[in-house]
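S.K.: Here you go, sequence then predicted model.
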Amino acid sequence: MDIIRTSASHLSEHATLYVGAVSSLLLYAVYKAILYPRFFSPMRSYPGPQTHWLFGNVFDILGSEPGRSYMEWHKQYGPVIRTIAPFPGYENISFTSYSALKTILVDRAYDFPKPSYLRDLLGIAAGYGLLTLEGSEHQELRRWMNPAFRLNFLHEHFDIYHKPISSLVDIVSNDIKSNESKDGKVFEVTKLINSCLMDIICLTAFGYECDSLHNEDQPLANAYHSLVNLQNLPNLLTFFGVVTLPGGARIAKSAVRSSWVGPLLTRLNDLTGNTFLGPIASFVRNMRQVNVISQQLLNEKLSEAHQLQKAGNSLDGGKIDVLSLMVKASLDKDSPYKMDGEALSSQMLTFLGAGHETTASGAAWALWELASHRSIQEKLRKECQELIARNSTPGYQDIKHLRYLNNFVQEVMRLRPPTPQTARQAAKDSMVDGVFVPKGTGVFIASRVVNEDEKIWGSDAHEFNPDRWDALPEKYDSTFSMLTFIAGPHHCIGRNMAIMELKALLCVLVANFDFTPAQATPKETSAITMKPEGGLYLRLKRLNPADVLTQQ
Ligand code: HEM
């Protein structure tokens, strides 16, 4: 009887403990998510939109096109606003003044690193490297990688662009010809552009002839395009959920390296009748494929370099692709920085993740702007056809000096930024522009809001007008008025490369084809990059006789 009484009293002690622990957790959660941001936070009185008692501002943000909700809030509440994410009441602050952006992005950039959830999302999808490192590790890697992006290499890379671009022109021309209609043909253009830019990045970044334009089954391109197609909001939220779970990022990282997790998840998804496991399985399978191919390419480069080293030759064998230059620097005994195989492979993922998808989104929007602005299209065509008539394979300098092409590309980058926003987090209590930002606060970098700020760009800030670049407004600042590539130590290392790729591609396309819309204005959708939702349908007509570039 005593034993029963003692056990019962132990049980009730345990139950009391459990109930106590669960209630405390619940109370803490209610305090953090609901009470703290509204009644106790030092930021509670900052201006900003009304917030839902539990979900904060998340539905307003998710329900509007990328960056638009912040645009309206800044217009209504001024240059500093506070918003709230859902559980656990994570507070965000967003600034638009130059001085605040300078503090956060430039002067004290490492006091405002990317938040860990963003680093994990980027790390898993685009390699743990420049995009994810902070502080001195970032500085060191950046110093080491800068030379591979210098202008002299860009000049040399430029000639490599011609082959994939000519292939694209040929493929589209033949397709139109076989259609036998004088009105041209409707194309879903994002797939074609993605393939062309994939072929360019493979050649310039890895020295790898991918030729996905002619080879629908190209494994790297296929795996990468499947990954890109996973980009939508529900999937992003699922991945976000995974990386924010304790240990979730580590599990995800090992899953993409393993040969059995992807097939297992696919099987489980089939068995459970297509659940949320589907996108995760596809992500793991395709990421692994990208990893395996990158590793093979890297191994080939390393073994080539070792052979050259043995024979006493230059380690890159005269090659100028970014990977060869990095391998050379890694093996060079005088190089201050050594990168092991894993780090090199991460950089390859970064080039694909940061370099390919962003440029492809920019090119898609550029074609939409061309198609929907006839006079702009004709003006740009005239400039490009004149150049191509003089020189069928224009070089870096020729393209660089086309004034209207430059204006056009700048305007696309301003109004349709492929990365319309990014995020930082205060690593310590800070004062920014006289405003207190407590440690842990999320800092929303509203690039698109700045790019369309009427106070900088004037009342026509939301209109597409390439000519504005010939008469820049007084308040224009070359670093902070357009944040498409952001600013400071994390600014895009591939900016010049992306701009030159876009110019080369658009110049040849507009010289060879006429573009008209074959759909209503596309909706903008953004998970990581901003794209036209559901692809982009344009009618393309071949123009004669501007077929100079295809005759090589
Ligand atoms: C239109 C095309 C592009 C856009 C709009 C773009 C935009 C950006 C932005 C906004 C960042 C900063 C992200 C952040 O810190 O939150 C960034 C970083 C980066 N981009 Fe780009 N990018 C483009 C093309 C490229 C290309 C072609 C490459 C390389 C092949 C590239 C490589 C990188 C890398 C390595 C970083 C990390 C830099 C660092 O943190 O030091 N990007 N890019």
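M.R.: Arrived safely. Numbering: from 1, shown residues only.

S.K.: Which residues of the protein lie near the ligand?
M.R.: Applying CB under 6 Å from any ligand atom, we find that the chain lies next to the ligand at 114, 130-131, 142, 205, 350-351, 354-355, 358-359, 362, 418-419, 422, 484-486, 490, 492-494, 497-498. The way it works is simple: take the backbone N, C-alpha and C, and place the C-beta from them, glycine included.

S.K.: filter these to the buried ones?
M.R.: 114, 130-131, 205, 350-351, 354-355, 358-359, 362, 418-419, 422, 484-486, 490, 492-494, 497-498 (16 or more other CB atoms under 10 Å).

S.K.: Once you drop chain neighbours, what's closest to Glu452?
M.R.: Ala461 (4.8 Å; CB to CB, 6 or more residues apart in numbering).

S.K.: Next: Pro66.
M.R.: Closest to Pro66 by CB to CB, 6+ apart is Ser526, at 3.7 Å.

S.K.: Would you mind measuring from the one you found to the ligand?
M.R.: 12 Å (CB to the nearest ligand atom, to the nearest Å).

S.K.: Give me the contacts around the helix or strand where Leu367 lies.
M.R.: Using DSSP states H and E, Leu367 maps to helix 357-372. Contacts to helix 357-372, defined as CB atoms under 8 Å, 6 or more residues apart in numbering, come from residues 189-190, 193-194, 197-198, 201, 228, 376-377, 380, 408-409, 411-413, 415-416, 418-419, 464, 498, 501-502, 505-506, 509-510, 515-517, 521-522, 528-532, 536, 538.

S.K.: For the residue nearest to Pro66, what are phi and psi?
M.R.: Reported as degrees, to the nearest 10, the phi and psi values for Ser526 are phi -140, psi 120.

S.K.: who's in contact with it?
M.R.: 65-66, 420.

S.K.: tell me which residues in the helix holding Leu367 are buried?
M.R.: Those would be 357-371, for helix 357-372 by 16+ other CB under 10 Å.

S.K.: Could you list the low-confidence segments of the chain?
M.R.: 1-11, 87-88, 313-318, 335-338, 545-552 (pLDDT under 70).

S.K.: Remind me what the helix ranked longest in it packs against, helices and strands.
M.R.: Identified as the longest helix of the chain according to DSSP state H is helix 277-310. In this structure, helix 277-310 makes packing contacts with helix 219-229, helix 233-244, helix 248-257, helix 261-271, helix 322-331, helix 341-350, judged by 3 or more CB pairs under 8 Å, 6 or more residues apart in numbering; DSSP states H and E.

S.K.: Which members of the buried ones among the residues of the chain next to the ligand are positioned in strands?
M.R.: Among those, the ones falling in strands (DSSP state E) are Thr422.

S.K.: just to revisit the earlier point, of the helices and strands packed on helix 277-310, which is nearest Val449?
M.R.: Closest of the helices and strands packed on helix 277-310 to Val449 is helix 233-244, at 19.8 Å (criterion: CB to CB).

S.K.: How about the secondary structure of Ser94?
M.R.: Recorded secondary structure, Ser94: strand (DSSP: H, G, I helix; E, B strand; the rest coil).

S.K.: neighbours around it, how many?
M.R.: Applying other CB atoms under 10 Å, we find 23 other residues in the vicinity of Ser94.

S.K.: Excluding chain neighbours, give the residue nearest to it in space.
M.R.: Nearest to Ser94 is Phe444, by CB to CB, 6+ apart, at 4.1 Å.

S.K.: who does the one you found bridge with?
M.R.: For Phe444, the beta-bridge partners are Ser94, Ala423 (DSSP bridges).

S.K.: and it, how many neighbours?
M.R.: By other CB under 10 Å, 22 other residues sit near Phe444.

S.K.: show me the contacts for it.
M.R.: Phe444 touches 70, 83, 92-94, 421, 423, counting by CB under 8 Å, 6+ apart.

S.K.: residues in contact with stretch 93-110?
M.R.: With CB under 8 Å, 6+ apart, stretch 93-110 has contacts from 43, 46, 70, 73-74, 79-83, 112, 134-135, 138, 424, 427, 430, 432-433, 435, 437, 441-446, 449-450, 453, 477, 479-480, 483, 486-491.

S.K.: among the residues you listed, which are in strands?
M.R.: 80-83, 424, 430, 432, 435, 437, 442-445.

S.K.: Report the contact partners of Tyr224.
M.R.: 198, 286, 290, 352, 356.

S.K.: ok, now which ones touch the residue of the stretch 301-450 of the chain found nearest the ligand?
M.R.: Nearest residue of the stretch 301-450 of the chain to the ligand: Gly355, at 2.8 Å (CB to the nearest ligand atom). Contacts for Gly355 (CB under 8 Å, 6+ apart) come out as 201, 205, 494, 497-498.

S.K.: closest point of the chain to the ligand, which residue?
M.R.: Closest point on the chain to the ligand, by CB to the nearest ligand atom, is Gly494, at 2.1 Å.

S.K.: Looks like that residue contacts Phe149 (just checking).
M.R.: Yes: with contact defined as CB atoms under 8 Å, Gly494 counts as touching Phe149 (6.5 Å).

S.K.: thinking again about what came up before, could you write me a ChimeraX select line covering just the buried ones among the ones in strands among the contacts of stretch 93-110?
M.R.: Selection of buried members from the ones in strands among the contacts of stretch 93-110 for ChimeraX, criterion 16+ other CB under 10 Å:
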select :80,81,82,83,424,430,432,435,437,442,443,444,445
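
S.K.: Show me how this structure divides into domains.
M.R.: 1-40, 41-115+424-462+472-478, 127-419+484-542 (the TED database).
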